[in-house]
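1. show me the folded form of this:
(one chain, ligands or ions: 2)
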Amino acid sequence: MTITKGWCLLVFLFIQLVVMALLYREGKRLAYFFDNFFKNGSSSLVFPNPQNLSLPGDIYANLRLITRQHCPEVSPYIRGPIHIQFPEALTLEEVVQKTPNVTKGGRYKPTDCESTHNSAIIIPYRNREQHLKYLLYYLHPFLQRQQLNYGIYIITQSGDFTFNRGKLLNVGFKEAMKDEDWDCMLFHDVDLIPEDDRNLYTCDRFPKHVSIAIDKFGYKLPYKSIFGGVSALTPEHYLKVNGFPNNYWGWGGEDDDFAARVELSGMMITRPSFRHARYKMIRHVRDKGNGINPKRFNLLNKTEETWKQNGINSVQYNVISKELHPLYTNITVDIGTDKA
Ligand code: UDH
Ligand code: MN
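-> Ligands and ions are numbered 1, 2, ... in the order given. Take a look at the predicted model:
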């Protein structure tokens, strides 16, 4: 009986404490603090210089000083829909100026908390300066509002031989993983601008098809198994599917092969909410050097026999240069031709 009374009193006092804390002006932060405190445990305790503690001062400031805070589960900066437009006069220099706090090579870490997500954005690329400028203009603030640690990689195909999106993405994966222990890779077309920041650039249990609602397709899937545009895979997922095929030269098919690999390796494709995963595709004509690949259906018929030999485990290339630009890392690569 006394034990029960004691417990009741304890629970009552605890609830009161929590309610008071939540009502307090900085209630939200305190909730994060406790959340993080229990997540981090004592290993995150640091010992600040006592002169930096404000006495008798703000208890929360002091508490923040002695623990390394994890970012909250839901970023408080998320706003929802983003109004996208493409101001013609915008220059890349202006985009750089409007995007402070990104470090060389297009890297960012939240300043006010420790992010639990390390996402690399991998963009297959050649001759799309205008698209790149607009993507950077919207993508940096979008990722920062999600409180991610991130890096943006542009993988530029050198020369003017037929484009090969799949092979470039394999190169991007390998090169990005040399830099950092990324836990999520977003394979991202340069012309897709996300329209809602609730579309999180983080990974799920299974490979995630992200760009599911594109304006060009009436914000619907053009066909059920589509896996192109933007996808999010952990390095474990990527190695399990053996990455992209290296032998799809020209437009089409490499993303369908990639989708088949997910199934062949015993996983499934997940999708976020259609309300959030909305994109504007910047209008463009088909690029020179990226004509429709007439071999794509023949190749797709052979995926089941070839996927284990043809992919990230067999990709060959020569990096020509790696440059750390203010808003992205550019890797220019010679990926050869379909003859060699
Ligand atoms: N790309 C370049 N330069 C080129 C060609 C392609 O940078 O010369 C990159 C760029 O990132 C582009 C991506 O490759 O966004 C894909 O090429 P695309 O934009 O021409 O492809 P499309 O707009 O993609 O046709 C639509 C995706 C759905 C088609 C699904 C078919 N399986
Ligand atoms: Mn496109």
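2. ok, V241 touching A259?
-> No: the criterion here is CB atoms under 8 Å, and V241 misses it with A259 at 9.4 Å. All C-beta spots, glycine's among them, are computed from the backbone N, C-alpha and C.
3. show me the helices in the stretch 201-340 of the chain, by range?
-> In the stretch 201-340 of the chain, the helices defined using DSSP state H, counting those that start in this stretch lie at 235-240, 254-264, 296-301, 303-306.
4. can you list the residues of the stretch 51-200 of the chain near ligand 1?
-> 123-128, 163, 165, 189-191 (CB under 6 Å from any ligand atom).
5. switch to 5 Å and redo it
-> Within the stretch 51-200 of the chain, the residues that sit near ligand 1 (CB under 5 Å from any ligand atom) are 124-126, 128, 163, 165, 189-191.
6. looking at the stretch 201-340 of the chain, which residue is nearest ligand 1?
-> Per CB to the nearest ligand atom, D287 is where the stretch 201-340 of the chain lies closest to ligand 1, at 3.2 Å.
7. in PyMOL, select just the buried ones from the residues of the stretch 51-200 of the chain next to ligand 1.
-> Buried residues among those (16 or more other CB atoms under 10 Å), as a PyMOL selection:
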select buried, resi 124+125+126+128+163+165+189+190+191
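8. report the two of the residues of the stretch 51-200 of the chain next to ligand 1 separated the most.
-> The span of these, defined through CB to CB, is set by F163 and D191 at 13.6 Å.
9. pipe the helices of the stretch 201-340 of the chain into CSV and attach distance to ligand 1 per row.
-> What follows is the helices of the stretch 201-340 of the chain, written out as CSV (distance: least, CB to the nearest ligand atom, whole Å):
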stretch, distance to ligand 1
helix 235-240, 18
helix 254-264, 5
helix 296-301, 8
helix 303-306, 14
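10. just say which of these is most tucked in.
-> The highest mean neighbour count among the helices of the stretch 201-340 of the chain, using mean count of other CB atoms under 10 Å, belongs to helix 254-264: a mean of 22.
11. so what secondary structure elements neighbour that one?
-> Contact here means 3 or more CB pairs under 8 Å, 6 or more residues apart in numbering; DSSP states H and E; on that basis helix 254-264 packs against helix 165-179, helix 296-301, helix 303-306.
12. tell me what the longest one is packed against?
-> Under the contact criterion of 3+ CB pairs under 8 Å, 6+ apart, helix 165-179 touches strand 118-125, strand 149-157, strand 184-188, helix 235-240, helix 254-264, strand 318-324, strand 329-334.
13. possible to save those as TSV with mean pLDDT and distance to F173?
-> Below are these laid out as TSV (pLDDT from 0 to 100; distance: least, CB to CB, whole Å):
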stretch	mean pLDDT	distance to F173
strand 118-125	99	7
strand 149-157	99	9
strand 184-188	99	6
helix 235-240	98	6
helix 254-264	98	12
strand 318-324	98	13
strand 329-334	98	11
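14. between the ones you listed, which gets nearest to K302?
-> The closest of the helices and strands packed on helix 165-179 to K302 is helix 254-264. By CB to CB, the value is 9.4 Å.
15. which residues sit against the closest one?
-> 164-166, 206-207, 225-229, 231, 237, 241-242, 244-245, 248, 268-269, 296, 299-300, 303-304, 307, 311 (CB atoms under 8 Å, 6 or more residues apart in numbering).
16. buried ones only from these, please, as a ChimeraX command.
-> The following ChimeraX line selects those of the contacts of helix 254-264 that are buried, judged by 16+ other CB under 10 Å:
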select :164,165,166,207,226,227,228,229,231,237,241,242,244,245,248,269,296,299,300,303,307,311
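17. leaving out the residues flanking it, which one is nearest to N293?
-> Distance criterion CB to CB, 6 or more residues apart in numbering; nearest residue to N293, sequence neighbours excluded, is G250 at 3.6 Å.
18. would you agree that neighbour is in contact with N290?
-> Yes: in this structure, G250 is within contact of N290 by CB under 8 Å, at 6.0 Å.
19. K104: which of the helices of the stretch 201-340 of the chain is closest?
-> Smallest distance to K104 across the helices of the stretch 201-340 of the chain (CB to CB): 23.7 Å, for helix 235-240.
20. packing partners for the closest one?
-> Looks like helix 235-240 contacts helix 165-179 (3+ CB pairs under 8 Å, 6+ apart).
21. quick check: angle from the helix it packs on to strand 318-324?
-> With axes from the mean of the first three to the mean of the last three CA atoms, to 10 degrees defining the directions, helix 165-179 sits at 60 degrees from strand 318-324.
22. and A277, how many neighbours?
-> 24 (other CB atoms under 10 Å).
23. tell me the phi and psi of it?
-> Backbone torsions of A277, given as degrees, to the nearest 10, read phi -90, psi 60.
24. quick one: residues contacting it.
-> By CB under 8 Å, 6+ apart, A277 lies in contact with 194, 196, 199, 210-213, 271.
25. ok so, going back, which one of the helices and strands packed on helix 254-264 lies nearest to T103?
-> Among those, helix 165-179 comes nearest to T103, with 12.6 Å by CB to CB.
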